[in-house]
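> pasting the structure only:
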């Protein structure tokens, strides 16, 4: 990361903050051939989520505040690109506990906009809602384990 800008800050509960960064990513992609690039979403997004021990957790989960993790990333390439597998790189699920949404939006000719939004609405996750938490986490994991396949336009 070259530069970090603190955009907003809130010193009152629930301690909301926003950070903007500008930098360069070293080798976050792999070439399949001269015109095809593969990017691992897990390598460029640091998805945070609420996790628990499924075998031994017997109590509700109490968070210090409602939980939201939004990652918004724009990647600029040196050459024009097109997303080959864009139709499978979209997720939008919600349930009573929260939601997970992933979007990949091509911008201009050589930029990609990735948005990952993980939301838990309440501070208390009851044991009876662990199934809902699992659904949200599975949606997040599915997208984290996905790959973006790009074609380089020449």
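Structure's in. What do you need? This one's a predicted model, so the numbers in the text were calculated from it and none came from an experiment. Numbers count the residues shown, from 1 in each chain.
> burial measure for the residue nearest to residue 129 when sequence neighbours are not counted, as a count.
Spatial nearest neighbour of residue 129, chain neighbours left out: residue 97 (5.0 Å); criterion: C-beta to C-beta, 6 or more residues apart in numbering. Bear in mind the C-beta positions are built from the backbone N, C-alpha and C, glycine included. By other C-beta atoms under 10 Å, 20 other residues sit near residue 97.
> Go ahead and confirm residue 97 touches residue 130.
No - the pair residue 97 / residue 130 is not scored as a contact, 9.1 Å apart, by C-beta atoms under 8 Å.
> Run through the residues that contact the closest residue in space to residue 79 that isn't next to it in sequence.
Leaving aside its chain neighbours, residue 79 sits nearest to residue 152 (5.3 Å; criterion: C-beta to C-beta, 6+ apart). By C-beta atoms under 8 Å, 6 or more residues apart in numbering, the contact list for residue 152 reads 34-37, 79-81.
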